[in-house]
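Engineer: starting from these lines, generate the structure:
(chains A and B)
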Amino acid sequence: MIVIRIDDEEGAKQVHDLVSGELSPDLVHMSRGSRGFDGTIANDVIILAAIVSPVVIKRIADVLVSLITSKTQREVMLNGVTIKGYSAADVTRLLSASGAQEAQETQPKA
Amino acid sequence: MPDNLEETLLWHDRFDRAFGVTASDCSEYLDWPGKTLPSAQAHIASLTGRDREETDWNMLNRVRGQVKFDVYKSELIQANPDAAVLQEAKVVFLMRSIGDARAMTEIPGGVVRVDALWLSFASFAAQSLFAAYPPASDPNFDDIRLGIAMHFATRALLYEEILLHIPLEKDKYEFIWETWPVRFDDGDAMIFTWTALGRFLVAHEMAHLLYHEPVSCNEDAAMRRGIVRQGWIDALRATDDVVAVDEYLYEIEADIEAIRMCLNFLGNNSLLQSTFLASLYYMFLCLEELSLRVGTATVFPQRRFCIGQYIGLVTGSDDLVGHSEEQFKFRGKVYFDVAQELRQP
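Structural biologist: Next up is the predicted model:
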């Protein structure tokens, strides 16, 4: 699973639309305006599939980096870690690594 | 066992894997209901006939934490038939910490995730409230008092560092287990309080699932629900025009609804009710102090104000709030001050 948290709802919707174009609806969830115990509001895009095509991963990375650079206060997190200062290549690598790990850990044991 | 345990565990594993790569795995320093502390493993192993070395304590602690959550959820639904729609909600206990407890209303059935961090903080509140100090005539009074203060200060520092994402120095926190408090003014009350505060955390997130789909989050809808009194919001608005009402209104609704659900579970026992309410207010004083020390802007002050108002309504007096504030002055506040000293290079 990949959890992408974006403070901006429009940005989250953009990422959600990118992924949902490729995966079936039960594999991608969007949680808008979820409320944390400390009051922080977040928009999460939750991708359950291990395999997302490299083209889409690259597109997601581009969107995430453009979101951060368009407004310095904007917060984007990937699996709980802020990606402020990351390049599109860094984010692509992180997304691919999460997908690969998911694939490895969810494959049926022999 | 709940019908949706399998699905709940599936969501648990998904979050655990997703955050596993990056989140702070500080579970060894935190405690939660159902966890066997390192110091108790030998004893528990002897009681249950397990081999201490061969036992996967991590797995046991994880499962027991999850079972406890399912118990809280069942208790709350049983005592509050209006919450029966949450039967299918997945309430996930996560041993890792990203410093987060969250309700996700839009995932089918609803998913709640609560980190071990907040359960451990509930334990901090319960234990620090009831930790027994010796009489002043005790020849070891100063040493014991210092030991208690250092224990809770180290825990306060741990929570601060987790929330600040500071890499944890493991050695520093071994002290927590070495000085684990065993003497309380009232041990039963402490255990009851810890459980009640843990149940409250789950109830708060369940309340979000019940009421806070994005479309329902506006001031008019909140006032129609009638959970929060208009007068409380007017008072908050009058004292602070910087923080928008939207930023705290739904958290306050979830708090008040959670208190109502928890009180229904406790029934008509006024001693249990007042113990729960006083300790809840104390926990919010501690939460407010924690966020001050971490330097994050939160809405804990607004929430504490309304919880205080609600407690006044339920009990008909300010006594409980006053009592908790007094306790906080000599306990929680002191421990955060000592933590500040420990933080200095």
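
Engineer: for chain A, name the helix or strand with the lowest mean pLDDT.
Structural biologist: helix A:88-106 (a mean of 78; mean pLDDT, DSSP states H and E).

Engineer: write out the residues of chain A neighbouring chain B.
Structural biologist: Contacts of chain A with chain B, taken as C-beta under 8 Å from any C-beta of the partner chain, map to A:1-3, A:29-39, A:42, A:44, A:46, A:48, A:78-81, A:97-98, A:101-102, A:105. Every residue, glycine included, has its C-beta placed from N, CA and C.

Engineer: could you confirm residue A:35 falls within a strand?
Structural biologist: Yes. Looking at residue A:35 with DSSP: H, G, I helix; E, B strand; the rest coil, it is inside a strand.

Engineer: beta-bridge partners for it, please?
Structural biologist: residue A:41, residue B:103 (DSSP bridges).

Engineer: identify the residues contacting it.
Structural biologist: A:41, B:102, B:103, B:208, B:212, B:250, B:251, B:254 (C-beta atoms under 8 Å, 6 or more residues apart in numbering or on different chains).

Engineer: how close does the fourth one sit to residue B:143?
Structural biologist: Distance, residue B:208 to residue B:143, using C-beta to C-beta, to the nearest Å: 45 Å.

Engineer: which one of these two has more residues nearby?
Structural biologist: Under the criterion of other C-beta atoms under 10 Å in any protein chain shown, the comparison of residue B:208 against residue B:143 puts residue B:208 first, with 27 against 11.

Engineer: for the nearest residue to the more buried one once chain neighbours are set aside, give me the pLDDT.
Structural biologist: Counting by C-beta to C-beta, 6 or more residues apart in numbering or on different chains, residue B:208 lies nearest to residue B:103, which is 3.6 Å off, once chain neighbours are set aside. On pLDDT, residue B:103 comes in at 90.

Engineer: which residues are in contact with residue B:103?
Structural biologist: A:34, A:35, B:110, B:111, B:112, B:205, B:206, B:208, B:209, B:212.

Engineer: among those residues, which are located in helices?
Structural biologist: Among the contacts of residue B:103, the residues falling in helices (DSSP state H) are B:205, B:206, B:208, B:209.

Engineer: tell me the one of those residues nearest chain A?
Structural biologist: residue B:208 (5.4 Å; C-beta to the nearest C-beta).

Engineer: what ranges do the helices span in chain A?
Structural biologist: Secondary structure of chain A (DSSP H): helices located at A:9-20, A:54-70, A:88-106.

Engineer: what is the neighbour count of the residue nearest to residue B:294 when sequence neighbours are not counted?
Structural biologist: Excluding the flanking residues, the one nearest residue B:294 by C-beta to C-beta, 6+ apart is residue B:163, at 4.8 Å. The burial count assigned to residue B:163 is 21, neighbours taken as other C-beta under 10 Å.

Engineer: residues contacting residue B:163?
Structural biologist: Applying C-beta under 8 Å, 6+ apart, one finds that residue B:163 lies in contact with B:99, B:117, B:290, B:294, B:296.

Engineer: widest-spaced pair of those residues?
Structural biologist: Across the contacts of residue B:163, the longest distance by C-beta to C-beta is 13.8 Å; it joins B:117 and B:296.

Engineer: looking at those two, which is more packed in?
Structural biologist: residue B:117 (26 against 15).

Engineer: name the element the more buried one belongs to?
Structural biologist: Assessed by DSSP states H and E, residue B:117 sits inside helix B:116-130.

Engineer: which residues does the nearest residue to residue A:71 once chain neighbours are set aside contact?
Structural biologist: Once flanking residues are discounted, residue A:71 sits nearest to residue A:8: 7.9 Å by C-beta to C-beta, 6+ apart. Contacts for residue A:8 (C-beta under 8 Å, 6+ apart) come out as A:43, A:67, A:71, A:74.

Engineer: near chain A, which residues of the stretch 151-300 of chain B are found?
Structural biologist: B:201, B:204-205, B:208, B:212, B:214, B:217, B:247-248, B:250-251, B:254, B:291, B:296, B:298-300.

Engineer: if we can go back for a sec, got a markdown table for the helices of chain A, with mean neighbour count too?
Structural biologist: Compiled in a markdown table, the helices of chain A are given as follows (neighbours: other C-beta atoms under 10 Å in any protein chain shown):
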| stretch | mean neighbour count |
| --- | --- |
| helix A:9-20 | 18 |
| helix A:54-70 | 17 |
| helix A:88-106 | 17 |
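
Engineer: for residue B:329, find the nearest of those.
Structural biologist: The nearest among the helices of chain A, by C-beta to C-beta, is helix A:9-20 at 41.5 Å.

Engineer: by contact count, what packs against that closest one?
Structural biologist: Applying 3 or more C-beta pairs under 8 Å, 6 or more residues apart in numbering or on different chains; DSSP states H and E, one finds that helix A:9-20 contacts strand A:2-6, strand A:28-36, strand A:41-47, helix A:54-70.

Engineer: what about 6 Å?
Structural biologist: strand A:28-36, strand A:41-47, helix A:54-70 (3 or more C-beta pairs under 6 Å, 6 or more residues apart in numbering or on different chains; DSSP states H and E).

Engineer: can you give me how far that helix is from the chain middle?
Structural biologist: Chain-centre distance of helix A:9-20: 9 Å, with C-alpha atoms, centre = their mean, to the nearest Å.

Engineer: any idea of the mean pLDDT in that helix?
Structural biologist: pLDDT averaged over helix A:9-20 gives 88.

Engineer: what angle do it and strand A:41-47 make?
Structural biologist: For helix A:9-20 against strand A:41-47, the angle by axes from the mean of the first three to the mean of the last three C-alpha atoms, to 10 degrees is 10 degrees.

Engineer: quick one: contacts of helix A:9-20?
Structural biologist: A:4, A:6, A:28, A:30, A:32, A:43, A:45, A:47, A:59, A:60, A:63, A:67 (C-beta atoms under 6 Å, 6 or more residues apart in numbering or on different chains).

Engineer: and the end-to-end length of stretch B:133-144?
Structural biologist: Stretch B:133-144 has an end-to-end distance of 7 Å (criterion: C-alpha to C-alpha, to the nearest Å).

Engineer: how about the residue positioned nearest the centre of chain B, what does it touch?
Structural biologist: With distances taken as C-alpha atoms, centre = their mean, the residue of chain B nearest its centroid is residue B:122 (3.6 Å). Residue B:122 makes contacts with B:197, B:198, as judged by C-beta under 6 Å, 6+ apart.

Engineer: distance-wise, check it relative to chain A.
Structural biologist: Residue B:122 is 11 Å from chain A, where distance means C-beta to the nearest C-beta, to the nearest Å.

Engineer: cool, residue B:192 as well?
Structural biologist: Residue B:192 is 22 Å from chain A, by C-beta to the nearest C-beta.

Engineer: could you do residue B:27 as well?
Structural biologist: Distance from residue B:27 to chain A, by C-beta to the nearest C-beta: 15 Å.

Engineer: list the residues that contact residue B:77.
Structural biologist: B:83, B:84.

Engineer: model confidence score at it, please.
Structural biologist: On the pLDDT scale, residue B:77 is placed at 97.
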